[in-house]
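Q: model the following, please.
(2 chains)
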Amino acid sequence: MNKTVNQKAWFLILPVLVLVAFSAVIPLMTVVNYSVQDTFGNNQFFWAGLDWFDDMLHSERMWNALGRQLMFSGIILAIQIPLGIFVALNMPKKGFWSSFCLVVMSLPLLIPWNVVGTIWQIFGRVDIGLLGYTLDAIGIDYNYTQNTLAAWITVIVMDVWHWTSLVALLAFAGLRSIPDAYYQAAKIDQASRWAVFRFIELPKIAGVLMIAILLRFMDSFMIYTEPFVVTGGGPGNATTFLSIDLVKMALGQFDLGPAAAFSLMYFLTIMAISWVFYTVMTTIDKREGK
Amino acid sequence: MAKITLDNLAHSYLPAPKTEDDFALKELNHDWTDGEAYALLGASGCGKSTLLNIISGLLIPSQGRVLFDDKDVTTAPTADRNIAQVFQFPVVYDTMTVRENLAFPLKNRGMDAAEIKRLVQKVGAMIDMESQLDRKARGLTADAKQKISLGRGMVREDVNALLFDEPLTVIDPHMKWELRTQLKKLHSDFGHTMIYVTHDQTEALTFADKVVVMHDGRVVQIGTPQELFERPAHTFVGYFIGSPGMNLFDAEIDGTQAKIAGTTVDLGGAYVAAGKTQIGVRPEFIRLGSNGAGIPATIKRIEDVGRHRIVRLDVAGTEISAIAAEGEAVASDTNCITFAPEGVNVYVNDWRIAASGEGAS
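A: Got it, this is the predicted structure:
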């Protein structure tokens, strides 16, 4: 087929180009720009090549933050996914109580991040918080500002409280789409409750679960506001996750070069992990289809 | 294997049924004889599946009892009834292979591996899927999946009854025939009680020893295919079974005679009838005449269906059908019809009544 040559058509994509340039390309390029230069103030910059990247790759601080980040994402996935499925399985299937549960469970999802942080910050305080005061009163040594374990538990419980609903709602939607005939056939076949879950429910909700895992991974890997409001990254650096560390470096210390290099690596890491994850999941899906 | 008794059984999906219309399944007493093949025939939504689910225990009836060999199982869970049921919608366990699918009901009952292997191999041959046993069930075509569902129903040899809920709807015609033959063979080999729900009369009549016809939540007739054809107990049976269905004429009944569209017809028996009276005559028993002796009729059109022709006639404003055998001429000046006496049935308020002196039917 002969294509009509009309170079003027390029003008049609100009608005999109401008929008994307301002919303993504230019800001990102600014970061790239910072990441390869050094400055001693006065708005004077010197070419630094890949030194900052090299620095960051050998920075113990960054590796520690990455370690904490991976541990955090791992723990919340390990709790939220099974818990979300469990909640979805035990929700009323229809009628008033089903709608009621759906609404109640959606509530945490509607609360802004820093409000969630504030709620838990106060909730956990030993002097005035309901949770902190109660735990302290019954003799449990709980203080998230001083005790690393307590800080981690608080941050994790908070995230579970905030986001398990999302997994539960997705899983619930998946479960609702399974025709009754499957459950009836399973009864006829004398399948146990576990077998029904393993061979009917799990395969049928695998698709939405994949989306839930991906969303929760990406989101938790980028978490900033909630732990920052509750613990501020402490005690010490115990809950300083990647983005908290990044903000400290960029705005606290104003180390623009290293922070820019850090940002780019952070960005590429999330993209790479999500891509690998997605590819692996879809390949498994396709292979099983054969 | 067991005799299944339904005692005063009825079911409503409403929590507090008031009138009879609230019942999806109206009161019913019936014994399903051990080892017989039944077809449950009726239009969609007439309560067939409800009845089947009550027998298999997926549904607890709102009144009455279900007995297996005189043991009350009304509220017993499906697992305790040892029943196999195949559904209209193909159900396969996606992540398992075909072999694992077929073995699943056996494994859940803790059967030993060698026995499972033997039974699965056998049923695999029966549904013609031996070569695909080690494939994943997911990604198979709808009729292959339904064959697996059927296989899972047939794999257990010790079941009390085998229930089929329109199992062949999604299967292509050629395979339908073959699977039906397999089911019949299975029945003659093992003598399971089988109940086969369908809305396809050919399927019902070829599969079953006895056909149970349901209409609007009620069992209207239970009989052999021949009985259903010759002596439909309800106008619905007459209309539903047969192709085309039975012709119905509004008639005034007076002893041995009926008056249809102003013409008096001899009934060949004496009837006592009050209410809405009708005469039912199957197309096979209608004779065409051109001498004016009979009920006036005019031919509207003739449909040739190969083995015979269907003649559509107009009798006093209603369309009726007659069947003319192949080779039999249909005179173009046909102006009346008569009935073969053995094909005449009398209905009062839609139910057939017997002539005085006729044996109970």
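Q: and for stretch A:88-106, what are the contacting residues?
A: Under the contact criterion C-beta atoms under 8 Å, 6 or more residues apart in numbering or on different chains, stretch A:88-106 has outside partners A:87, A:165, A:167-169, A:171-172, A:174-176, A:197, A:201. (C-beta placed from N, C-alpha, C; glycine too.)
Q: ok, 6 Å please
A: Under the criterion C-beta atoms under 6 Å, 6 or more residues apart in numbering or on different chains, residues A:165, A:168, A:171-172, A:175 lie in contact with stretch A:88-106.
Q: in the chain, where is pLDDT below threshold?
A: In the absence of a named chain, this looks at chain A. Scanning chain A for pLDDT under 70 picks out A:1, A:287-290.
Q: my bad, chain B
A: Using pLDDT under 70, the flagged stretches of chain B are B:1, B:357-361.
Q: what segments of it are helices?
A: Here chain B has its helices, by DSSP state H, at B:48-56, B:78-81, B:98-107, B:113-126, B:142-154, B:173-190, B:201-207, B:225-230, B:235-240.
Q: turn the ones you listed into JSON lines, including mean neighbour count.
A: As requested, the helices of chain B are exported to JSON lines (neighbours: other C-beta atoms under 10 Å in any protein chain shown):
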{"stretch": "helix B:48-56", "mean neighbour count": "23"}
{"stretch": "helix B:78-81", "mean neighbour count": "17"}
{"stretch": "helix B:98-107", "mean neighbour count": "22"}
{"stretch": "helix B:113-126", "mean neighbour count": "16"}
{"stretch": "helix B:142-154", "mean neighbour count": "23"}
{"stretch": "helix B:173-190", "mean neighbour count": "15"}
{"stretch": "helix B:201-207", "mean neighbour count": "19"}
{"stretch": "helix B:225-230", "mean neighbour count": "17"}
{"stretch": "helix B:235-240", "mean neighbour count": "23"}
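Q: make JSON lines from those and add distance to chain A to it.
A: Listed next are the helices of chain B as JSON lines, based on distance: least, C-beta to the nearest C-beta, whole Å:
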{"stretch": "helix B:48-56", "distance to chain A": "7"}
{"stretch": "helix B:78-81", "distance to chain A": "4"}
{"stretch": "helix B:98-107", "distance to chain A": "4"}
{"stretch": "helix B:113-126", "distance to chain A": "13"}
{"stretch": "helix B:142-154", "distance to chain A": "7"}
{"stretch": "helix B:173-190", "distance to chain A": "17"}
{"stretch": "helix B:201-207", "distance to chain A": "20"}
{"stretch": "helix B:225-230", "distance to chain A": "29"}
{"stretch": "helix B:235-240", "distance to chain A": "26"}
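Q: write the ChimeraX selection for whichever of the contacts of stretch A:88-106 are buried.
A: A single ChimeraX command selects the buried members of the contacts of stretch A:88-106 (16 or more other C-beta atoms under 10 Å in any protein chain shown):
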select /A:165,168,171,172,175
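Q: can I get the contacts of stretch A:88-106 in CSV including secondary structure and distance to residue B:182?
A: Converted to CSV, those look like this (DSSP: H, G, I helix; E, B strand; the rest coil; distance: C-beta to C-beta, whole Å):
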residue, secondary structure, distance to residue B:182
A:165, helix, 50
A:168, helix, 45
A:171, helix, 40
A:172, helix, 41
A:175, helix, 35
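Q: tell me the one of the contacts of stretch A:88-106 nearest chain B?
A: Here the nearest of the contacts of stretch A:88-106 to chain B, counting by C-beta to the nearest C-beta, is residue A:175; it sits at 15.0 Å.
Q: and the closest one, how far from residue B:146?
A: Computed as C-beta to C-beta, to the nearest Å, the residue A:175 to residue B:146 distance reads 24 Å.
Q: try residue A:170
A: 30 Å.
Q: now residue B:107
A: For residue B:107 relative to residue B:146 (C-beta to C-beta), the value is 21 Å.
Q: and residue B:236, by the same measure?
A: 29 Å.
Q: need the residues of chain A near chain B, please.
A: A:181-182, A:184-185, A:187-191, A:199, A:203, A:289 (C-beta under 6 Å from any C-beta of the partner chain).
Q: narrow these to those in helices?
A: A:181-182, A:184-185, A:187-188, A:203.
Q: nearest residue to residue 150 other than its sequence neighbours?
A: Using chain A. Spatial nearest neighbour of residue A:150, chain neighbours left out: residue A:144 (4.7 Å); criterion: C-beta to C-beta, 6 or more residues apart in numbering or on different chains.
Q: hmm, I had chain B in mind actually
A: residue B:86 (5.4 Å).
Q: how about that neighbour, what does it touch?
A: Neighbour list for residue B:86: B:149-150, B:153, B:164, B:167 [criterion: C-beta under 6 Å, 6+ apart].
Q: residue A:145 belongs to a helix?
A: No: Residue A:145 is assigned coil when assessed by DSSP: H, G, I helix; E, B strand; the rest coil, not a helix.
Q: and it, how close does it get to residue B:257?
A: Counting by C-beta to C-beta - residue A:145 and residue B:257 are separated by 105 Å.
Q: now do stretch B:318-328: everything it contacts.
A: With C-beta under 6 Å, 6+ apart as the test, stretch B:318-328 has contacts from B:244, B:247, B:283-284, B:286, B:308-313, B:330.
Q: same check, this time on stretch A:206-220
A: Stretch A:206-220 is contacted from outside by A:73, A:76-77, A:80, A:167, A:170, A:174, A:274, A:281, using C-beta under 6 Å, 6+ apart.
Q: so which of the residues you listed are in helices?
A: Among the contacts of stretch A:206-220, the members falling in helices (DSSP H) are A:73, A:76-77, A:80, A:167, A:170, A:174, A:274, A:281.
Q: which of the residues you listed sits closest to residue A:53?
A: Comparing those against residue A:53 with C-beta to C-beta places residue A:274 closest, at 21.3 Å.
Q: in contact with the closest one, which residues?
A: Neighbouring residues of residue A:274 by C-beta under 6 Å, 6+ apart: residue A:218.
Q: pull out the buried residues from the helix or strand hosting residue A:266.
A: Secondary structure from DSSP states H and E places residue A:266 in helix A:256-288. By 16+ other C-beta under 10 Å, the buried positions in helix A:256-288 come out as A:256-266, A:273, A:281.
Q: just those residues now: which is nearest chain B?
A: residue A:281 (14.9 Å).
Q: that closest one: what's it in contact with?
A: residue A:210 are the contacts of residue A:281 under C-beta under 6 Å, 6+ apart.
Q: and for residue A:224?
A: residue A:243 are the contacts of residue A:224 under C-beta under 6 Å, 6+ apart.
Q: now with 10 Å?
A: A:113-114, A:117, A:241-244, A:246-247 (C-beta atoms under 10 Å, 6 or more residues apart in numbering or on different chains).
Q: which ones among the residues you listed map onto helices?
A: Going by DSSP H, the helices hold A:113-114, A:117, A:242-244, A:246-247 from the contacts of residue A:224.
Q: still on that earlier bit, reformat the residues of chain A next to chain B as CSV; add neighbour count.
A: Shown next, in CSV, are the residues of chain A next to chain B (neighbours: other C-beta under 10 Å):
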residue, neighbour count
A:181, 15
A:182, 21
A:184, 20
A:185, 26
A:187, 18
A:188, 27
A:189, 27
A:190, 20
A:191, 23
A:199, 22
A:203, 16
A:289, 10
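Q: and the furthest pair within those residues?
A: A:190 and A:289, at 28.1 Å, using C-beta to C-beta across these.
Q: domain ranges for the chain?
A: All of this is about chain A. Listed by automatic domain parsing, the domain ranges of chain A are A:7-47, A:51-288.
Q: sorry, I should have been clearer: chain B.
A: Using automatic domain parsing, chain B is parsed into the domains B:4-240, B:247-353.
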